[in-house]
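Asks: Model the structure of this input:
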Amino acid sequence: LAKPLWNGTAVQEFTLEGFPAIQHLGKVLFLVHLLAYLASITGNAVIVTITCADSRLQTPMYFFLSTFSFFECCFISAVIPKLLVIFLLGRQTISFLACFIQAFVFVYLGAAGFLLIAVMSVDRYMAICKPLHYPTIMNLKTCFLLVTACCVLAFILITGPLVMVSQLSFCGPNVIPHFFCDLDPLIHLSCSNTRSVEMLAFVIALLILLTSLIITIIAYSNIVVTIVRLPSAKERQKAFSTCSSHLIVLSLMYGSCVFIYVKPKQRNRLNSNREAALVNTVVTPLLNPVIYTLRNKQVQQALKETMCRLKISR
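Replies: As a prediction, the model looks like this:
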């Protein structure tokens, strides 16, 4: 073993196991995940760019959507590049410090993203159910404050467990049965007593996910009731189509994260967590641009006009 670093820790690097059962398909998997990654980055980057460039899209809804898209770009960039290296080159090692940085960025952006989803749900509720009060309440200052609150609250909530995990002793083994550094696999590799940090991580995950989920359910329930009361059948169909698309993405996000994190004891289920994490880090970021924005006619029109302007400028 290497010379101890601190708190009896002897491990200087970890090995990410990835997907050993299908590692022989590394180049094919590299190509598939590279295309998915580039599509996710492109789609989310387009949302951010169009929202900033087109004055018609500078509304609270698109402000929150562009912020969420920016979070998604950072979120997947914390994980997928290393997975691509594993598939293409088979380089599975990651340094002790890099592992904890990756875990921090992943958990922080994930927590901030779920809090932002709750804010976005409230924004839609206000726009659809309280249209007369909406322009007054959801002004630019309120939007900035809400996004800032999501970022600060996420940082406060996840710092405690991450600091506790960083102070655990890691004296071997150093193989993480996952394709990135996450809190639970790290906790289970420690040779310290991890009961308190496990329980804290579980409680905070439960708090973030359930709070966000409850707010989202209440908001969308009220939206559905309002939609049902619309006099026009065409308006009802259009509204339900949009809501159902949003709910599909939300179901994938909440379902995968509840499966991964909201279980106090996970030692026997880390392998199955990998597949759920793949949904959360590859599938939903790919669907978000399509579901939330790119299907929107207003965004499509703004995108077409921007493309036309770019062609003319050339």
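Asks: and Leu116, how many neighbours does it have?
Replies: By the measure other C-beta atoms under 10 Å, the count of residues near Leu116 is 22. Bear in mind the C-beta positions are built from the backbone N, C-alpha and C, glycine included.
Asks: how about it, what does it touch?
Replies: Leu116 makes contacts with Phe64, Thr67, Phe68, Phe71, Val147, Cys150, as judged by C-beta atoms under 8 Å, 6 or more residues apart in numbering.
Asks: rerun at 6 Å
Replies: Shown in contact with Leu116 (C-beta atoms under 6 Å, 6 or more residues apart in numbering): Phe68, Cys150.
Asks: Same check on Ala36?
Replies: Per C-beta under 6 Å, 6+ apart, neighbours of Ala36: Val282, Leu286.
Asks: Can you mark which positions in the strand or helix carrying it are buried?
Replies: Element membership of Ala36, judged by DSSP states H and E, is helix 26-53. For helix 26-53, the neighbour count (16 or more other C-beta atoms under 10 Å) marks 26, 29-30, 33-34, 36-37, 40-41, 43-44, 46-48, 50-51 as buried.
Asks: For those residues, work out which two are farthest apart.
Replies: Gly26 and Thr51 (37.1 Å; C-beta to C-beta).
Asks: Which parts of this protein are helices?
Replies: Per DSSP state H, the chain carries helices over the ranges 26-53, 60-77, 80-89, 96-129, 134-137, 140-166, 183-189, 195-228, 233-261, 270-278, 284-288, 297-313.
Asks: what inclination does the first one have with respect to helix 80-89?
Replies: Going by axes from the mean of the first three to the mean of the last three C-alpha atoms, to 10 degrees, helix 26-53 is angled at 150 degrees with respect to helix 80-89.
Asks: Now do helix 26-53: distance to the chain's middle.
Replies: 14 Å (C-alpha atoms, centre = their mean, to the nearest Å).
Asks: how big is the angle separating that helix from helix 60-77?
Replies: Going by the same axes, to 10 degrees, helix 26-53 makes 150 degrees with helix 60-77.
Asks: need the contact list for Leu287.
Replies: Here Leu287 is in contact with Val249 (criterion: C-beta under 6 Å, 6+ apart).
Asks: If we use 8 Å, what do you get?
Replies: Leu287 neighbours (C-beta under 8 Å, 6+ apart): Ile248, Val249, Leu252.
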